[in-house]
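K.L.:
pasting the sequence and the predicted coordinates here, then a few questions.
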Amino acid sequence: MLNISVVAQTGNQVDTLDYPALEQEIGQMLMVGIRGTHLNAKVMEQTRNQISNGDIGGIIFFKHNIKNSRQFRIYVKSIAAIPVQLPLLLAVDEEGGKVRRLRESQGFEEFPSAAHVGGSMDISDVYDIYSKMAAQINGTGLNLNLGPVVDVNINRISPAIGQLNRSFSKDPGKVFDFGEAFIRAHRDAGVLTTLKHYPGHGSSREDTHNDLTDISSTWRSSEQLPFKRLIDSNRVDIIMAGHLFDRGVDSKYPASLSKAHIQQTLRGELAYEGVVITDDLQMGAIIKRFELDEIVISAINAGCDILQFSDPLDIDADMPRLIRNIIINAIKDGKIDPHRIHESYQRISNLKQGLAQSSDLNTD
């Protein structure tokens, strides 16, 4: 961990912080989308500098970054080769079915939706299919899949889950079984995984991409079971906090910005100690209702470790600097305790050290 000096004086309390070191920790908390398709392209110049300077800790890739399989492998591996203190998280949404980034037309193998896998495949075959998915992800140089979806398919016409066939089943036990096989296959291939969307998107009637998704009257406790069982079985690398509003838990904020959801329930009651990533903080559910400063400060105070700004239609290349300045100013104003930054940095550092060890084993 970086050496952060904090000296408190009684009376007029003055904190002496090593701000350059603190900025490096903040950088590890940011995952962003980027525009380029080649490392040496002009559009990548600022991103290259941000990576080298430690301004960002992760990149998520979308279809606009991919021309074909050869180009994408070269692109990702050249980014991963940039010298950094901790490995970058190089992420993709690769669930199978309609939510995929690696397409057959680009030279990749495509995989069926979670609904198809859960509805027509035997559990004994699930590991094999996701092993192929994970091997393909690893082969491109990526190290993080933003999956599996462990939302329970309570509302089959949910626009974000049921209609898109993103859930394994309406049975939470089956969701656990298939999600566990997905995770195990990825771990064996050296790829991290992300449970989504906490606390459960499967009963929703709206889509968080567009606007507020209120699950106050639809959410069921069974939606928590796959998360709980996977946490208890020590199968979780990262959990994604969804932009899901439940007034019974928090009357102001959705889960991604809510201390009650993340600190009290997920970390307290469910005893989760690992990394929490937000869903994209540029989604309509968030950006239409809160100012950017409040979004960033609330997400950190809620207990989220990685803030995701990835909207491919609205990528601001200067976003890392903007977010860093919001956080630094909030620390100076007493709105964020610097120890929250240290906590997140330590969780991310632990995760990435395991990733580096896995990479070394694969190299050997």
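P.N.:
That came through fine.
K.L.:
contacts, neighbours, all on C-alpha from now
P.N.:
Fine.
K.L.:
show me what counts as buried in stretch 66-74.
P.N.:
If you call a residue buried by 16 or more other C-alpha atoms under 10 Å, then stretch 66-74 has these buried ones: Ile66, Asn68, Ser69, Phe72, Arg73, Ile74.
K.L.:
strands - which of the residues you listed land there?
P.N.:
Cross-referencing the buried residues of stretch 66-74 against strands under DSSP state E gives no overlap.
K.L.:
which one of these is nearest Glu294?
P.N.:
In terms of C-alpha to C-alpha, no member of those lies closer to Glu294 than Ile66, at 33.4 Å.
K.L.:
got a pLDDT number for the closest one?
P.N.:
The confidence metric pLDDT takes the value 96 at Ile66.
K.L.:
and if you look at Asp18?
P.N.:
Reported pLDDT at Asp18 in the predicted model: 89.
K.L.:
count of residues packed around it?
P.N.:
Taking other C-alpha atoms under 10 Å as the neighbour definition, Asp18 ends up with a count of 13.
K.L.:
measure it to Gln24 for me?
P.N.:
According to C-alpha to C-alpha, to the nearest Å, Asp18 stands 10 Å off from Gln24.
K.L.:
same check on Gly248?
P.N.:
Taking C-alpha to C-alpha as the criterion, Gly248 is separated from Gln24 by 37 Å.
K.L.:
can you put the buried residues of stretch 66-74 in TSV and add distance to Arg229?
P.N.:
Supplementary listing: the buried residues of stretch 66-74 in TSV, determined by distance: C-alpha to C-alpha, whole Å:
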residue	distance to Arg229
Ile66	36
Asn68	38
Ser69	36
Phe72	36
Arg73	35
Ile74	38
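K.L.:
specify which member of these is nearest to Leu351.
P.N.:
Looking at these and their distance to Leu351, the nearest is Arg73, at 23.4 Å (C-alpha to C-alpha).
K.L.:
contacting residues around Met29?
P.N.:
Contact partners of Met29, counting by C-alpha atoms under 8 Å, 6 or more residues apart in numbering, are Ile56, Gly57, Asp305, Ile306, Leu307, Ser344, Tyr345, Ile348.
K.L.:
gap between the fifth one and Ile56?
P.N.:
Taking C-alpha to C-alpha as the criterion, Leu307 is separated from Ile56 by 10 Å.
K.L.:
now do the shared contacts for the two.
P.N.:
Common contacts of Leu307 and Ile56 (C-alpha under 8 Å, 6+ apart): Met29, Leu30, Met31.
K.L.:
need the strands for the stretch 101-250 of the chain, in chain order.
P.N.:
Defined through DSSP state E, counting those that start in this stretch, the strands belonging to the stretch 101-250 of the chain, from first to last, are 144-145, 192-198, 213-214, 238-241, 244-245.
K.L.:
give me whichever of those strands is most buried.
P.N.:
With neighbours taken as mean count of other C-alpha atoms under 10 Å, the strands of the stretch 101-250 of the chain reach their highest mean count in strand 244-245, at a mean of 28.
K.L.:
that one pairs with which strands, and in what direction?
P.N.:
Each strand paired with strand 244-245, and its direction, by DSSP bridges: strand 213-214 (parallel).
K.L.:
for Ile327, list the residues it contacts.
P.N.:
Taking C-alpha under 8 Å, 6+ apart, we find Ile327 in contact with Ile26, Val296, Ile297, Ile336.
K.L.:
tell me which helix or strand it sits in.
P.N.:
Following DSSP states H and E, the helix or strand that holds Ile327 is helix 319-332.
K.L.:
still on that earlier bit, to Val84, which of the strands of the stretch 101-250 of the chain lies closest?
P.N.:
With C-alpha to C-alpha as the measure, strand 144-145 is the member of the strands of the stretch 101-250 of the chain nearest Val84 (17.4 Å).
K.L.:
which other helices and strands contact the closest one?
P.N.:
Secondary-structure packing of strand 144-145 (3 or more C-alpha pairs under 8 Å, 6 or more residues apart in numbering; DSSP states H and E): strand 89-92, strand 192-198.
K.L.:
could those strands be laid out in a markdown table, adding mean pLDDT?
P.N.:
Shown next, in a markdown table, are the helices and strands packed on strand 144-145 (pLDDT from 0 to 100):
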| stretch | mean pLDDT |
| --- | --- |
| strand 89-92 | 98 |
| strand 192-198 | 98 |
